[in-house]
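Q: Build me a model from this:
(chains A, B, C and D)
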4 protein chains.
Amino acid sequence: MNTFGVKLRLTTFGESHGEGIGGVIDGLPSGIKIDLEFIQNELNKRKPGSKFGTSRKESDTIEILSGVFDGFSTGTPIGLLIKNENQKSKDYDNIKDLFRPGHADFTYMQKFGIRDYRGGGRSSARESAIRVAGGALAQIFLNEFNISVESGIYGIGKNYGDLMKADFEFAKKSEIFSLFPNLEAEFKKEILNARNSHDSVGGSVLTIIRNPPVGLGEVLYDKFDARIGAAMMGINAVKAVEIGLGVNSSKTKGSFNNDEINKKGFISNNSGGILGGITNGDDVVIKTHFKPTPSIFLPQNTIDKFGNEVRCELRGRHDPCVAVRGSVVATAMARLIVADMMLLNASSKLENLKKIYI
Amino acid sequence: MNTFGVKLRLTTFGESHGEGIGGVIDGLPSGIKIDLEFIQNELNKRKPGSKFGTSRKESDTIEILSGVFDGFSTGTPIGLLIKNENQKSKDYDNIKDLFRPGHADFTYMQKFGIRDYRGGGRSSARESAIRVAGGALAQIFLNEFNISVESGIYGIGKNYGDLMKADFEFAKKSEIFSLFPNLEAEFKKEILNARNSHDSVGGSVLTIIRNPPVGLGEVLYDKFDARIGAAMMGINAVKAVEIGLGVNSSKTKGSFNNDEINKKGFISNNSGGILGGITNGDDVVIKTHFKPTPSIFLPQNTIDKFGNEVRCELRGRHDPCVAVRGSVVATAMARLIVADMMLLNASSKLENLKKIYI
Amino acid sequence: MNTFGVKLRLTTFGESHGEGIGGVIDGLPSGIKIDLEFIQNELNKRKPGSKFGTSRKESDTIEILSGVFDGFSTGTPIGLLIKNENQKSKDYDNIKDLFRPGHADFTYMQKFGIRDYRGGGRSSARESAIRVAGGALAQIFLNEFNISVESGIYGIGKNYGDLMKADFEFAKKSEIFSLFPNLEAEFKKEILNARNSHDSVGGSVLTIIRNPPVGLGEVLYDKFDARIGAAMMGINAVKAVEIGLGVNSSKTKGSFNNDEINKKGFISNNSGGILGGITNGDDVVIKTHFKPTPSIFLPQNTIDKFGNEVRCELRGRHDPCVAVRGSVVATAMARLIVADMMLLNASSKLENLKKIYI
Amino acid sequence: MNTFGVKLRLTTFGESHGEGIGGVIDGLPSGIKIDLEFIQNELNKRKPGSKFGTSRKESDTIEILSGVFDGFSTGTPIGLLIKNENQKSKDYDNIKDLFRPGHADFTYMQKFGIRDYRGGGRSSARESAIRVAGGALAQIFLNEFNISVESGIYGIGKNYGDLMKADFEFAKKSEIFSLFPNLEAEFKKEILNARNSHDSVGGSVLTIIRNPPVGLGEVLYDKFDARIGAAMMGINAVKAVEIGLGVNSSKTKGSFNNDEINKKGFISNNSGGILGGITNGDDVVIKTHFKPTPSIFLPQNTIDKFGNEVRCELRGRHDPCVAVRGSVVATAMARLIVADMMLLNASSKLENLKKIYI
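A: Numbers count the residues shown, from 1 in each chain, chains lettered A, B, ... in the order given. Reported below is the predicted structural model:
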């Protein structure tokens, strides 16, 4: 339900225009030095405020309420809270009875018979701030093992870069996390064009897990790639997920697609680092595709909750391209998965357990 | 681990060359008339034996060991068993110490320190027969609500059909589940070419869930689309999953991609029937991309478990295009998801519980 | 881990002397009118402050951070927070390196290698305030079905009352939740004697679930009584749980113990309302036995974390009889179980699902 | 539902008079030498056939269908099957429409609207044979760490032995697992008296987990004692569970009940080896109380499924004292718990994970 993960679990709560958003990280091993500044920095990457994102101003200041003592994790659950500061719920008065196209308004109303219409309530991407905080905690754990996760934008609208040339160092400095120096201006133009025409635009994100342990992924219904499939598809606005060659692998022959092996390891990485649902030690390569933000300022046809046909004219503050901030969330989800799968895999062999108990 | 689903759960066991494969369906509501013939027919669709698949001969006869009384489900777990009949384990003697490229040999060995090398052991797609049986049981439940699930092949190698013209009635009769009468011959040629050149080829599957209830999908980490992402990516050889417009939605503008609504419902279905992770009542549209079967008969470079570089020359019997039988598995997984999500959603509203308890 | 329940789930966090304690209730159906005053009143019953409990002063004011809109549950997770106000962490400076007998100090240190020694940290019974808040939310749901749960004290030290004469109306008004008017003074004397001799005393609690629906409990490893066994044994200081005749049933013959049935229902209730792990509609009768509070002010032998033998002399503020406030927690756990099991049972029969989906 | 455990999971299926009973053990680490003879021997202890048990004759021959290769566990699920051989379903024809007092007939009918009346169907204690097989697999794992679990009978009817004198070596040889040489004859007499008077009798079981690792038990809702509470209460006919001093601890003072500590460890073991829900390394001591077998041959009042008052006169073959064979099941459940909790605890500390991944 509102919990992600099996052994390392993130449970979240909160709505866009309520008191705040928060969560609980459960299962983080004890003895990890918790770097609050790192967590806040990660949140700042997702934080609203640039001209390429929503103009809502939120400091997104994270509070850690429990589970840390003398600067170290204690093995007990870590309570997380971010208070909402800049709600403008009045912006939503005119849509409280109608269903915005492309949004969850209709489905929440059908499922629950009631909905918090202010800013999308629970269905708002604002909740993803807590995912980012949880992912940052996972990363602090992964740092102990030299594992890292990076994401960036490789396509906006109809402009796509060559994945082989993705430059993650550049992406870190790019306002829109562009993976390509030469395409950044194009990407920005696409976003601003969409904004200026009161519209929005889709985009695609590349995520790399570097130096993952070999052997992660639980047979046969909690495979590493299945978990990636669930986590990425579950991010707001994502409509497709690929691993390794992805869609293109279906257009190849086995003699091309198979990654041969020599003494140094796998010669190619078409598999995206996963064989039989288990990491093979190579980088895990994930592509995630975001639809355009459903909130646009052009008039649209819809119905209200009484069934009347009405025109929907949105106010409020919205990202013209949700993929940009979505890339930060993709990183967070991948971090949570790697950490969780490491904990799950710890008991896979008798040999491992002997190291611990004997 | 080896369990799929939350309220309707399929747990499976078994290896390609062991005693058999089996499983347990738990949580199926009581009072459903169980049609064993239907289950067997579904299994027959996936059954090996045609010239477009492996030549291994298995009758795949399903035994129901429990949970059914006087022809009806009792609400208790349903034990399932298919005995293996046509193992030729000798075919695998020459690969017992080496890691076949594209297979799970390497990762299972790393994870567990031991592996059943005969036919891939647990990692073999043979396990999917039990998924098909479980999916058939789910379908019997779905029949009570006029919900159906269909899959077919829409692309093999570089030939892709127009999804708007997908003909599921034709697919039912097609030996390779082709969705297009005019492309069936092309598709077959691609497969036979691959086989004749000792190679294999990828393919793409379209799955439609027709007439799903509105409101399925649990906020916020067990969304309907997240579940689809996990289930489809978890099928052997799948490397990409799309919902609705999928990858292409990332290349559109919001004004195009949003599905407007009028009194009759959604005017378009770019969302693939899911908004905010919850079904909106329209058909759920899923695309799943399969890599080429990793078992090919061309020599390949690999290493053995001692780290020596060796040539891998496979024997055995394999599907030249795993997507064909994979489409039957995709249907099964979608059936299991819809049924599970219906059970989970039953308690979403106080109103529903009053219907049951008052 | 830190989550209780399957479909209605309470996840908690927080330590005795940290920022506060909190939690998330997930899965509560939408459309329930949330009575915040009732929740606070339930918390007040458990609140520290009387001469029969600890003298720590906490207002235990509950904040609801999400999941409620216009006074009704929305079906989304309900964030709960109680800030700590009256920590006196200095009281614990002298025990930070030693293991208090009867406490979790030793085991937390062994398990995690680090512990928050202030007031027992996570292992403190203070966490149970959130259980009470969660239980109150469950009760608000149960009110819709006229189901109630009550607990009271039926034994302190060596004084035990006759269960047949348990007076729950009296218990409501009793400062120590005594079920017997004639024994209340004895019970109080036992508690004050223990306190005055710097010691503590055990006690026993009777809990009744009135008017439960028939059919609750999931075969075969999530039976209603198994869930009770886990929940009650998991309350701090509980060492035994009985259902119905409990221990005494093992001393009877079948001809006595079996509850015969006539047209009006079960003639007796030795089973405590549960047959085959499933509620039969009669009152569920639970007995829970609490050990004496391990915190006593008499000197005790123990070791410190370096292995040195030391004398343990406690300061701080403690309940002389943890069973008294524990009875409020027992009620909360029973409420959570009944509500969860009602949600789980909603999909047991095809007939139920037809009421919802057709 | 029909799954026990979190990381080591036993899923079972099957009815008393169906094809057989079976299950799946999932999560057993790879690399364990599987001793099939040991498993069969454990099953033989529970097997029906002595004059103190039911006269139903079942060989209870276990088949392992998967998950073992070259004699070692592979880390993949182990399929288990025991075929039923000696069903006499005709014995149940006369009770097919009525509800036997003390049995689950009424509650299954209410919950599911249908029931397999033959031998109690799914609610029969026959299912526990698979628990015993699962427990034996867990024990094979525990043997690697010198952990053992033993159970025996310490009370039948009104005769109770002194727990301090429990003789587990004697119990192993006793036909009724009596823990006391001097009471065995009394216990047998109680059982035969019950049988001869067409009645049944209750009994109490002592279970000891020897040499458990310190640190087992997950805070805060999957404590070791909570798990014991659930598992033991979930065994057919169990109505009470105690840990350590149990019920009696509620009658003591803290100064008596607390276990003081010196350099050698805990000086006493009133806690039964568990503090704060976590094992402290001392023996875990569990008492489990079984009601008399509900199947008795004396006429009883009941109703049929149409609501008519009828006399219930049972035929069939039944244990006069279910505690005897129940003690074997208690051992099995404790084994499963220790193994599962060891796997879960493996990732509690960063230090443990470094041993595995660095």
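Q: Residue A:175 is in contact with residue A:49, isn't it?
A: No: taking contacts as C-beta atoms under 8 Å, residue A:175 lies outside contact range of residue A:49: 10.9 Å. The C-beta positions use only the backbone N, C-alpha and C, and glycine is treated the same way.
Q: For the stretch 101-250 of chain A, give me the ranges with low pLDDT.
A: Scanning the stretch 101-250 of chain A for pLDDT under 70 picks out no residues.
Q: Contact residues of it facing chain D?
A: Residues of the stretch 101-250 of chain A lying near chain D by C-beta under 8 Å from any C-beta of the partner chain: A:141, A:144, A:145, A:213, A:219, A:220.
Q: Show me the helices in the stretch 51-200 of chain A, by range?
A: Taking DSSP state H, counting those that start in this stretch as the test, the helices found in the stretch 51-200 of chain A are A:105-112, A:128-143, A:168-173, A:184-196.
Q: Run a quick neighbour tally on residue A:317.
A: Here the count is done by other C-beta atoms under 10 Å in any protein chain shown, and residue A:317 has 15 residues near it.
Q: Can you give me the distance of it to residue A:59?
A: 16 Å (C-beta to C-beta, to the nearest Å).
Q: repeat for residue A:263
A: Separation of residue A:263 from residue A:59 (C-beta to C-beta): 52 Å.
Q: repeat for residue A:358
A: Counting by C-beta to C-beta - residue A:358 and residue A:59 are separated by 50 Å.
Q: Between the two, which has more neighbouring residues?
A: Between residue A:358 and residue A:59, counting by other C-beta under 10 Å, residue A:59 is the more crowded of the two (14 against 9).
Q: residues touching the more buried one, list them.
A: Residue A:59 makes contact with A:47, A:85, according to C-beta atoms under 8 Å, 6 or more residues apart in numbering or on different chains.
Q: Can you convert the helices of the stretch 51-200 of chain A into TSV and add a column each for distance to chain B and mean neighbour count?
A: Shown next, in TSV, are the helices of the stretch 51-200 of chain A (distance: least, C-beta to the nearest C-beta, whole Å; neighbours: other C-beta atoms under 10 Å in any protein chain shown):
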stretch	distance to chain B	mean neighbour count
helix A:105-112	4	25
helix A:128-143	10	25
helix A:168-173	17	14
helix A:184-196	6	18
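Q: Chain C: which of the ones you listed is closest?
A: For chain C, the closest of these is helix A:105-112, at 3.7 Å, according to C-beta to the nearest C-beta.
Q: Just the residues contacting that closest one, thanks.
A: A:95, A:98-99, A:115, A:117, A:120-123, A:305, B:214-215, B:217, B:261, B:274-276, B:278-281, B:345, B:348-349, C:30-31, C:74-76.
Q: Residue A:214 - how many residues pack around it?
A: By other C-beta under 10 Å, 17 other residues sit near residue A:214.
Q: Which residue, neighbours along the chain excluded, lies closest to it?
A: Leaving aside its sequence neighbours, residue A:214 sits nearest to residue A:281 (C-beta to C-beta, 6 or more residues apart in numbering or on different chains; 3.8 Å).
Q: can you check residue A:235 too?
A: Nearest to residue A:235 is residue A:329, by C-beta to C-beta, 6+ apart, at 5.3 Å.
Q: any idea how far that neighbour lies from chain D?
A: The spacing between residue A:329 and chain D, counted by C-beta to the nearest C-beta, to the nearest Å, is 25 Å.
Q: ok, that residue to residue A:77 distance?
A: 22 Å.
Q: is the strand or helix carrying residue A:13 up against chain C anywhere?
A: Assigned by DSSP states H and E, residue A:13 belongs to strand A:9-14. Yes: counting by C-beta under 8 Å from any C-beta, chain C is contacted by strand A:9-14 at A:9, A:11, A:12, A:13, A:14.
Q: swap in stretch A:39-51?
A: No: Stretch A:39-51 stays clear of chain C (C-beta under 8 Å from any C-beta), getting no nearer than 15.8 Å.
Q: Run through who's touching that stretch.
A: Contacts for stretch A:39-51 (C-beta under 8 Å, 6+ apart): A:54-62, A:82, A:128-129, A:132-133, A:135-137, A:139-140, A:175, A:192, A:317, A:319, A:325, A:328-329, A:332.
Q: how distant is the lengthiest helix in chain A from the center of its chain?
A: Secondary structure assigned by DSSP state H gives helix A:322-345 as the longest helix of chain A. Relative to its chain's centre, helix A:322-345 lies at 6 Å (C-alpha atoms, centre = their mean, to the nearest Å).
Q: Helix A:128-143 and that one, what's the angle between them?
A: Here helix A:322-345 runs at an angle of 50 degrees relative to helix A:128-143 (axes from the mean of the first three to the mean of the last three C-alpha atoms, to 10 degrees).
Q: relative to helix B:105-112, how tilted is helix A:322-345?
A: Going by the same axes, to 10 degrees, helix A:322-345 is angled at 60 degrees with respect to helix B:105-112.
Q: next structured bit after helix A:322-345?
A: Note on helix A:322-345: by DSSP H and E, the next helix or strand toward the C-terminus is helix A:350-357.
Q: Point out the other helices and strands that that following helix packs with.
A: For helix A:350-357, the elements it packs on are helix D:322-345, helix D:350-357, judged by 3 or more C-beta pairs under 8 Å, 6 or more residues apart in numbering or on different chains; DSSP states H and E.
Q: Enumerate the positions of that helix that are buried.
A: Residues A:350, A:352, A:353, A:356 are the ones in helix A:350-357 that count as buried (16 or more other C-beta atoms under 10 Å in any protein chain shown).
Q: Turn those into JSON lines, including pLDDT.
A: Below are the buried residues of helix A:350-357 laid out as JSON lines (pLDDT from 0 to 100):
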{"residue": "A:350", "pLDDT": "98"}
{"residue": "A:352", "pLDDT": "97"}
{"residue": "A:353", "pLDDT": "98"}
{"residue": "A:356", "pLDDT": "97"}
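Q: Just give me the closest of those to chain C.
A: residue A:356 (11.9 Å).
Q: Just the pLDDT at whatever residue of the stretch 1-150 of chain A ends up closest to chain D, thanks.
A: At 4.1 Å from chain D, residue A:31 is the closest residue in the stretch 1-150 of chain A, using C-beta to the nearest C-beta. You'll see residue A:31 listed with a pLDDT of 98.
Q: how close does it sit to residue A:97?
A: For residue A:31, the distance to residue A:97 - C-beta to C-beta - is 52 Å.
Q: So those two - more neighbours on which side?
A: Ranked by neighbour count (other C-beta under 10 Å), residue A:31 and residue A:97 place residue A:31 first, with 20 against 15.
Q: hmm, back to that, establish whether the helix or strand just after the strand holding residue A:13 and chain C are in contact.
A: Per DSSP H and E, the first helix or strand lying C-terminal to strand A:9-14 is strand A:20-26. Yes: using C-beta under 8 Å from any C-beta, strand A:20-26 reaches chain C at A:20, A:21, A:22, A:23, A:24, A:26.
Q: Now which of the residues you listed would you call buried?
A: Among these, the ones that count as buried by 16+ other C-beta under 10 Å are A:20, A:21, A:22, A:23, A:24, A:26.
Q: which residues touch the first one?
A: So the one you mean is residue A:20. Contacts of residue A:20 (C-beta under 8 Å, 6+ apart): A:14, A:81, A:82, A:83, A:84, C:65, C:66, C:79.
Q: just to revisit the earlier point, pick the one among the residues of the stretch 101-250 of chain A next to chain D closest to residue C:153.
A: Minimum distance to residue C:153 across these is 44.9 Å, recorded for residue A:141 (C-beta to C-beta).
Q: Surely the closest one touches residue A:27?
A: No: shown here, residue A:141 and residue A:27 do not form a contact pair, counting by C-beta under 8 Å, at 10.4 Å.
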